[in-house]
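> Here's my sequence, what's the structure:
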Amino acid sequence: MKVVSLTMYTPSRLILINIDALRPDMFEQALLDNAIPNLARLVGGPNIDKGLKFAPASTAPSITFCSQASIITGAHPKDHGITGNQYFDRLGRISGEPRHYAFDAGGHRLALDDALNVFRNALADRALSPEVETIYETAKKHGLSSTVVFHMFARGADHWIKPGMDDWREFFSFGESFGISSEKYDRRMVDETIRHLREGARPDLLHLYFWGLDHDSHTHGPLIQYPYLTDTVDPLIGDLIRELEALDMMDDSLFVIFSDHGQIEVPSESQYCLQLAFPPLDIGLGHVFKALKRDVLNVPGETGMDTVLSMNGALSHVYVRRKLGRWKTPARFDKDVMPVAAAFWEGATIGKYFSPLYNALNMILVRDCEQGGWDTPFLAYTPGGCVPVEEYLADRPAIQSLDGINRLSHLAGVNSGDLLLLSNIEEGYYFAFPYKGIHGSLHPQDSLSMLSYSLPGGTEEQIRQLQGRIGGAIEARCKRENDRYVNIADIHTGLMAAMGWAA
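Numbers count the residues shown, from 1 in each chain. Model prediction:
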């Protein structure tokens, strides 16, 4: 008679391998081609025999700081408060005064301080809502230690290894291939991890963040992901594996390999880039706000503006202050919000105010926070009236969207705009400087991420148990939340289930 074990298996260590922007199709093809032997060893080959895999949807917007916050908290953007790489803190929760934040250096505004202060002064950690708990805080409650390497969020971790100024200079200076060596940056990250372990650290939760693939994909286009994964990331994973083996840290470790979003190829010509250009150049999208007699934020540190545009790849928040009012008071829907929506509709349909806007937008979303509060959901603007987003998308099948309804619902919070502008990504339009790869939209190509949980040293029974617990927990959460598609917030759900931390 077969004996069934009633003991719940729990891994002794979590190792998170976070590869920014890696598309699941690139990962799966590299596995099929036997081109990533080290990653293949961890997951058990193309069929993920050592665990289970998903292709989750990213957040809306599908962009780094927003999605990474969901990964480490399990919360949706409206709850953790990081609604993009750029967003406006209208209530002044971080600094005490309303302020725009640009963790990605601010585009045309050149707001470099925020990007530096993410690591120098833990700015992203401070921006996270205190009402959500990070995976490191949860681990500490269970008596486990955490080390975070080069990631932007580390609240609650015992050790945070940050990129130093030399690392930033290598990544952002003017030198080889415009000065940016993604391989050197990721190599430094892995070297720092190994140094930390050799100095005696044995974290129960180890989180490594590979940023270089995303950067090269922006610069050269998404097809660069395959060679970067095979020639750079996988050999570095091999170095990590050898070190873990030497320190007897491989057995009983659950590896979670994932990305935060994908990327989509776009034209790098300036006519596809929707920008508030930096003075004294042409004011770009500023023409729309100028026609409305609205003062839009366009230089770092400006405080007298009554409109803010926060650009996040293929999605932008627009925050509108009521005339003669304060940012903490919701704008008037009919008199403040709707005129802005109407102006952008005219720009997108007939080229009014700024001719490059013609055909450049997929959707203009609005919400009435004056009546419904800061969690009010978005509706799609049309000249004939506002309609539910699902109705708008159903009438426009050319707009490709991955679980867009749920993702937009999970975005609608206090740090989201009064309006959302979604670019016509199918035709190559986006809110940024010229790139060859972009993300931020609802389109499947930049929304789909990759996720695998694997136990390379586990028995068949241990792997079977984890597959059941992780898969069951994620399925149950998706069903509770409007029967939605699997989301990157579920990475956290799976971790909680694997460790027995779920309520």
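> give me the number of residues near residue 7?
7 (other C-beta atoms under 10 Å). C-beta coordinates here come from the backbone N, C-alpha and C atoms, glycine included.
> ok, now which ones touch the closest residue in space to residue 58 that isn't next to it in sequence?
Spatial nearest neighbour of residue 58, chain neighbours left out: residue 261 (3.9 Å); criterion: C-beta to C-beta, 6 or more residues apart in numbering. Contact analysis of residue 261 by C-beta atoms under 8 Å, 6 or more residues apart in numbering lists 21, 58, 59, 62, 63, 64, 67, 439, 446, 447, 449, 488.
> I'd like to know how far residue 162 sits from residue 393.
41 Å (C-beta to C-beta, to the nearest Å).
> Please go through this structure and pick out the longest helix.
As assigned by DSSP state H, the longest helix anywhere in the chain is helix 460-480.
> rewinding a little: the contacts of residue 261 in helices, which ones?
Filtering these for helices - DSSP H - leaves 64, 67, 446, 447.
> so is residue 187 in a helix, a strand, or just coil?
The three-state label given to residue 187 by DSSP: H, G, I helix; E, B strand; the rest coil is helix.
> hmm, I was thinking of residue 209
With three-state DSSP as the criterion, residue 209 reads strand.
> Now do the strands in the stretch 1-150 of the chain.
13-19, 51-54, 86-89, 99-102, 146-149 (DSSP state E, counting those that start in this stretch).
> In a markdown table, list those strands along with mean pLDDT.
Putting the strands of the stretch 1-150 of the chain into a markdown table (pLDDT from 0 to 100) gives the following:
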| stretch | mean pLDDT |
| --- | --- |
| strand 13-19 | 98 |
| strand 51-54 | 97 |
| strand 86-89 | 96 |
| strand 99-102 | 94 |
| strand 146-149 | 98 |
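> Turn those into a markdown table, including mean neighbour count.
Compiled in a markdown table, these are given as follows (neighbours: other C-beta atoms under 10 Å):
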| stretch | mean neighbour count |
| --- | --- |
| strand 13-19 | 22 |
| strand 51-54 | 21 |
| strand 86-89 | 25 |
| strand 99-102 | 22 |
| strand 146-149 | 25 |
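> could the ones you listed be laid out in TSV, adding distance to residue 366?
As requested, these are exported to TSV (distance: least, C-beta to C-beta, whole Å):
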stretch	distance to residue 366
strand 13-19	35
strand 51-54	33
strand 86-89	16
strand 99-102	20
strand 146-149	38
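> of all those strands, which lies closest to residue 336?
Nearest to residue 336 among those is strand 86-89; the distance by C-beta to C-beta comes to 14.9 Å.
> starting at the chain centroid, how far to the closest one?
Taking the mean of its C-alpha atoms, strand 86-89 sits 15 Å from the chain's own mean (C-alpha atoms, centre = their mean, to the nearest Å).
> CA-only coordinates of it in CSV, if you can.
Extracted in CSV, the C-alpha atoms of strand 86-89 (Å, rounded to 0.1, in the frame of the first residue of the first chain):
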residue,chain,number,x,y,z
GLN,A,86,6.6,58.8,-12.7
TYR,A,87,3.6,59.9,-10.6
PHE,A,88,2.3,62.9,-8.7
ASP,A,89,1.8,62.8,-4.9
